[in-house]
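Q: Any chance you can model this:
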Amino acid sequence: MTLFHFRYRRRLGLLASSSLDPHEMDWIRKHLAECSSCQAEFAELSRLASTLRADAALDRPLPVSSEALRTRVLARIRTAPEPAPAWTLSPAMAALGLVGIGLAAALLVNRFSAPMTGSAQVHAPLQASAETALNDAAFYERLEKTHTRANAARYLAEAQDILIQVRAAADCPDSPKDSVDVTREAQTSRTLLRRRAALVSGSQGTLLAAQGVMEEVEGVLQQVAELPKCTRRKDVDAIARTVDQRNLLMKIDLVAQELVSP
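A: Just a heads-up that it's a prediction; the model follows:
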């Protein structure tokens, strides 16, 4: 194994897809001639690249504009949680540790400072104040609203996937040439519509800011849910035009990002 083995290895996929300039190709191929592990990996990557090039859908245009796709990817990156370093305690473990330390300290203070009656130790009963009860109620209300907003953002993301997939539906086998198979998309749309009804009924006004976009999404999902198994391509294109004209994919990204913002 050479000093720059891993540097060469990271470029094997680019070499397999013929995406490197001639100079880089030459020095990576020299490494390949001497490295058996890279040879095996390059063989697998080459087979994968050949399979992709043989895919009939490779030259099809994207089912969504590049600007909408960029917006969606950036939104997902911004909302993805950052992984905690391996050597640090997770926030939950740190919080539990602090609670444990606090409880231990309280028990020690109570043990050495409480008055004694004979051999028995007298403890004052713990009582919850009205202020504590109000704080607990407010905490659980915020927690429930956060959960509802996260579920709404997840629903919109899955609905967005369906709106993209229905445009790229495969041709329907043993049917007229201009028909496509939307069985899975229609079934998933019906499932999402049921989830949306349950989500909105229990939201208690939490999703008012997203209501407009969610109603637009519901209308398009209903159209997809009503499509037959093999439907005409022009009907699918009509739904896709509606999505484009309303900039619905971009609206979903913006609203979903707002829902998961602290």
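Q: what's the neighbour count on the spatially closest residue to residue 233 that is not a sequence neighbour?
A: Once flanking residues are discounted, residue 233 sits nearest to residue 178: 4.7 Å by C-beta to C-beta, 6 or more residues apart in numbering. The way it works is simple: take the backbone N, C-alpha and C, and place the C-beta from them, glycine included. Residue 178 sits with 12 neighbouring residues when counted by other C-beta atoms under 10 Å.
Q: and if you look at the one 4 residues further on?
A: Residue 182: 26 surrounding residues under other C-beta under 10 Å.
Q: ok, it touching residue 233?
A: No - Residue 182 is beyond contact range of residue 233, at 10.3 Å (criterion: C-beta atoms under 8 Å).
Q: ok, back up a step: quick one: residues contacting the residue nearest to residue 233.
A: For residue 178, the contact set (C-beta atoms under 8 Å, 6 or more residues apart in numbering) comprises 232-234.
Q: for residue 42, same thing?
A: Counting by C-beta under 8 Å, 6+ apart, residue 42 has contacts 12, 15-16, 32.
Q: That one falls within a helix, correct?
A: Yes - the assignment for residue 42 is a helix, going by DSSP: H, G, I helix; E, B strand; the rest coil.
Q: Between the contacts of residue 42, which sits nearest residue 159?
A: For those, the residue nearest residue 159 by C-beta to C-beta is residue 16; the value is 35.6 Å.
Q: Please tell me how far that closest one sits from residue 51.
A: Computed as C-beta to C-beta, to the nearest Å, the residue 16 to residue 51 distance reads 11 Å.
Q: who's more crowded, those two?
A: Shown here are residue 16 and residue 51; by other C-beta under 10 Å, residue 16 has more neighbours (20 against 9).
Q: from memory the more buried one sits against residue 49, does it?
A: Yes - using C-beta under 8 Å, residue 16 is in contact with residue 49, at 4.5 Å.
Q: any residues in contact with both of these two?
A: With contacts defined as C-beta under 8 Å, 6+ apart, no residue is shared by residue 16 and residue 49.
Q: so who does residue 159 touch?
A: Here residue 159 is in contact with 192, 217, 221, 252 (C-beta under 8 Å, 6+ apart).
Q: what's the helix or strand for it?
A: For residue 159, the host element (DSSP states H and E) is helix 130-167.
Q: next structured bit after that helix?
A: Where DSSP H and E defines the elements, the next helix or strand beyond helix 130-167 is strand 179-181.
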